[in-house]
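> A structural model of the following input is requested.
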Amino acid sequence: DGDEDEDGEYEEDEKDRIPPELVLGGIRQILKTHSRLVLPFLVPQLAKTPLTLFRAQALASLSEVLGSGFYRYVEDVEKAFVDAVRREAERGNSPMRGEYLAHAATMNAHLQQDSVHGLVSTLCEAIQAPRAPGLETVMPHDKYAAVELVGRFASETKCDLLHSVESLLTSSMSLFVHGGFPELLKASVVASAAVMKHVPKNKAQDYIKLLKSILRDTTHDANTGDQVLFELPGLSVRNALRPFIPLLTEGLMKGAEKTKEISAAVLGSLVSLTSAAALTPYVMLITGPLIRMASENFAESVKLAILSALRFLLEKCGPRLKAFFSALQTTFRKALKHTSKEVREETVKGLAAMMKYNPRVDNVILDLHNSIPRESEESIKVTILQAVERVLSQKQTAQRVSKPLLSKLLATVGDLVSDQHDHVRNAAADAFGVVMQWIDEAEAKTAIAKRVTRAASDEWQGRHGKAAAIRAMAKSGGKGVDAKLVDSTLAPLIKDDEVAVAAAAVDAVKSVLLAGPAGNTDPETLLGCLGEAVRTRTGDVQSRAILALTAYGHFEPEACFENLGSGLTLQPLAEAYEIASKGDVKYDIRIAVAACVGYFQHAEDLKDSQKAAEKRTAAACKLLSSKGKTAGTAAKLIAAMAKKALPKITPDEYKIAIKDLSR
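From the prediction side, this is the model:
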């Protein structure tokens, strides 16, 4: 008996030393016949931590004869091996780390079926264990060791892993998020691929669902449900997609409708979460089956999943799909007439994504143009108009359309700006606003005079369409929108007796104010129009005008601050507040005032933000008080509101109130 040295071995006199091979050979013979008697004494001694290289070698050497009773000890042994591999990695001793890993893999390869559960649960626990705060940038060597052992075990074992695939795949892919550790990512990809080989073909549908669940859990916040990762680093490792593509294309091509839907959805997720470079080798393998299935008559949900996957492919690897553009154009042309609104909307997005790279722009635009007058179904005509607007909103696409075709298109959609159907009219106005940006100045002036400038003979649909067209023109770049058009058309339409017309005019004023061309319009005139609507209108028109002033304060705070004392923003809000009978109107006005004075301008420093807002409000009220009795009354009301009502609005309330605001 010698004394144990610092490495855990015993020092012996040289003459008394027995070669390790003989010792292990003797233990091997005993284990063959008396494993159940020997294991309770032997294994705890061998698995003591810290694990030494000799004992690791012994466990590997004896693994073939450990017998069925070893399952009682497998968890402790695996923990000892993971700890040893981690220890050597942290010491920077790569050769020693490799030896421990090899011994662990050798032992695991010889485990019997009854030990699988313990091994899997131990390794998965090590992989998924939460990390201590502050260690996010430190290589997690324990997870690295565990996932490497998963990969080796799944590759080398002869055991049935059917009931362990879910745990092993979930754990391995959970490491796909660690983009800062290339070795860990590579090991997790290798492990995932090895585990996927144990998926039986007759159970494919279950594992496609599992893959969908894993991708969602890995990329979404567990508490809020919001997506927090939009590219999964592990999927961009070389060959990471290889084990999944055959399973998914098989499910897409040969599965039941529900399997087809899930397969297409998972393909879409993989595409959207993978870098373009890593996706490139698989583009052909994915696109062909998707296009073939897109041409079949499946349920709406299946069609939608397939079209979404195609769109993700086009957005990620558009130029790589040029060989499929002809087939895709045919697919999209048919899908634009689908009975489902959701399918048509997804088709529009896919078509726009393709047109960024399609050299045959005129052919597609001409096809859309010719379909507009031929289509009798209102909803489909709207979709075609939306496709025109979406495609031409892309500068790189619109600049390649020939001028004669743009002129034809402007005339066709211009005729529909006064259409009797609301949805057609709005969609035509949006398309008109976009096309206007790509024609020359002379043609733009002619089109405005003919299609947009208010005329006394206009029916209410025509007046509504003109307001909608001005809104679209402002949002698309503002060509043709100037002070003259505001004075001659928008200002009178704010006072229109038809509620829909006045509401559309308010939206147009807001767009001109916030998104229109600087210098071509007078902000005071636009604010005066909104103030008039806040004061004199009720219902939808007034609500939209209040929201427009809220948006002005939120998106253009500096410009809004300059106008606080002018009476253009705070005074009409105060006057409307005083006579409002509905609580929701009063609440909306309080939010608008908070936005205009910048009460929540700097949410990260709320106290300073509120102090600055109080000073602005006081200065604005002082100026207002000097402008006469009505303005003075409004100033007092605003001052009271700033002192009592605004402090009661919480930052969360304000965020909710403004979350749907847009320019």
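
> all helices of the stretch 451-600 of the chain, in order?
460-475, 483-485, 491-494, 499-515, 523-536, 539-555, 557-562, 570-579, 583-597 (DSSP state H, counting those that start in this stretch).

> Which residues belonging to the third one are considered buried?
Going back to what we said before, that points to helix 491-494. Using 16 or more other Cβ atoms under 10 Å as the test for burial, helix 491-494 gives 491, 493-494. (C-beta placed from N, C-alpha, C; glycine too.)

> that older thread, let me have the helices of the stretch 451-600 of the chain in a markdown table, adding mean pLDDT as columns.
Shown next, in a markdown table, are these (pLDDT from 0 to 100):
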| stretch | mean pLDDT |
| --- | --- |
| helix 460-475 | 96 |
| helix 483-485 | 91 |
| helix 491-494 | 94 |
| helix 499-515 | 94 |
| helix 523-536 | 92 |
| helix 539-555 | 95 |
| helix 557-562 | 90 |
| helix 570-579 | 92 |
| helix 583-597 | 92 |
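
> Closest to residue 201 out of the buried residues of helix 491-494?
residue 493 (64.9 Å; Cβ to Cβ).

> how many neighbours does residue 200 have?
10 (other Cβ atoms under 10 Å).

> Please pull out the lowest mean pLDDT helix or strand from the protein.
The least trusted helix or strand in the chain, going by mean pLDDT, DSSP states H and E, turns out to be helix 20-46, with a mean of 69.

> After that one, which helix or strand is next?
helix 53-62 (DSSP states H and E).

> how far is the strand or helix carrying residue 345 from where the chain is centred?
Using DSSP H and E, residue 345 sits in helix 341-355. Its chain's C-alpha centre lies 18 Å from the corresponding centre of helix 341-355 when counted by Cα atoms, centre = their mean, to the nearest Å.

> Now do the helix or strand just after it: distance to the chain's middle.
Using DSSP H and E, the helix or strand that follows helix 341-355 towards the C-terminus is helix 361-374. Centroid separation between helix 361-374 and its chain, computed with Cα atoms, centre = their mean, is 32 Å.

> Buried ones in helix 361-374, by neighbour count?
Buried, per 16+ other Cβ under 10 Å, within helix 361-374: 361, 364-366, 368-369, 371-372.

> how about a markdown table for those, with pLDDT added?
Formatted as a markdown table, these follow (pLDDT from 0 to 100):
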| residue | pLDDT |
| --- | --- |
| 361 | 94 |
| 364 | 95 |
| 365 | 96 |
| 366 | 96 |
| 368 | 97 |
| 369 | 97 |
| 371 | 96 |
| 372 | 97 |
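
> Show me which of those residues is closest to residue 40.
residue 364 (76.1 Å).

> ok, the closest one touching residue 358?
Yes. Assessed by Cβ atoms under 8 Å, residue 364 is found in contact with residue 358 at 6.6 Å.

> which residues are in contact with both of the two?
Residues touching both residue 364 and residue 358 by Cβ atoms under 8 Å, 6 or more residues apart in numbering: residue 329.

> Tell me which stretches of the stretch 1-150 of the chain form helices.
Under DSSP H, counting those that start in this stretch, the stretch 1-150 of the chain gives helices at 20-46, 53-62, 74-91, 94-109, 116-128, 141-156.
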